[in-house]
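**Student:** Show me how the following folds:
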Amino acid sequence: MTIKVKRTGFPPELELAVAEHAAAIVAGDGREAGKFADDRAAAESDAAIRRAATLRPFGGYEVIARARLGFQYMVKLRLAGKRGDLNLQTRWHQVGGGAWAIAEIEDIGLESPWKKPEASDGKAP
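**Tutor:** Numbering: from 1, shown residues only. Model (predicted):
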């Protein structure tokens, strides 16, 4: 019997790119963070960086979800801030020369989408 083993981890170069991108946002280095976005994601990236600037300082970051979609990878990143957490969803792809770049970035809010909402009377449902 033959067992097929599929790669479930990220390529090491992508892990490094994600870490460098997140560290730049945490440090408040918008110029460095913006270098990871390709042309089609530049405006979204700038908006996410501006949003992050309003929530700093951040104590760190963590990858809260990741998935492979063909030749691209989705990464959900949580930046832990004193004013609330910033959750970003990014889609990464390889560009010429093998470098990893962000094809899409979205601010998915301060709180988890899985948090139970409060009722209209202010009490938990």
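**Student:** The longest helix along the chain - contacts with which helices or strands?
**Tutor:** Taking DSSP state H as the criterion, the chain has its longest helix at helix 12-27. Using 3 or more CB pairs under 8 Å, 6 or more residues apart in numbering; DSSP states H and E as the contact definition, the elements that helix 12-27 packs against are helix 30-34, helix 42-55, strand 58-69, strand 72-81, strand 86-94, strand 100-107. In short, each C-beta sits where N, CA and C put it, glycine included.
**Student:** With mean neighbour count, mean pLDDT and distance to residue 22 as new columns, can those be given to me in TSV?
**Tutor:** Shown next, in TSV, are those (neighbours: other CB atoms under 10 Å; pLDDT from 0 to 100; distance: least, CB to CB, whole Å):
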stretch	mean neighbour count	mean pLDDT	distance to residue 22
helix 30-34	16	94	8
helix 42-55	16	92	10
strand 58-69	14	90	4
strand 72-81	18	91	6
strand 86-94	21	94	9
strand 100-107	20	95	11
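**Student:** Can you say which of the ones you listed is nearest to residue 13?
**Tutor:** Nearest to residue 13 among the helices and strands packed on helix 12-27 is strand 100-107 (6.1 Å), distances taken as CB to CB.
**Student:** Which residues does the closest one contact?
**Tutor:** Counting by CB atoms under 8 Å, 6 or more residues apart in numbering, strand 100-107 makes contact with 11, 13-14, 17, 21, 36-38, 40-41, 44-45, 47-48, 51, 72, 86-95, all of which sit outside it.
**Student:** And stretch 64-75, by the same measure?
**Tutor:** Among residues not part of stretch 64-75, those counted as contacts by CB under 8 Å, 6+ apart are 7-8, 10, 14, 18, 63, 76-78, 87, 89-94, 103.
**Student:** How many residues are close by residue 35?
**Tutor:** 14 (other CB atoms under 10 Å).
**Student:** Residue 78 pairs with what?
**Tutor:** In this structure, residue 78 has beta-bridge partners residue 62, residue 87, where bridges are defined by DSSP bridges.
**Student:** residues in contact with it?
**Tutor:** Contacts of residue 78 were listed using CB under 8 Å, 6+ apart, and they are 61-62, 64, 85-87.
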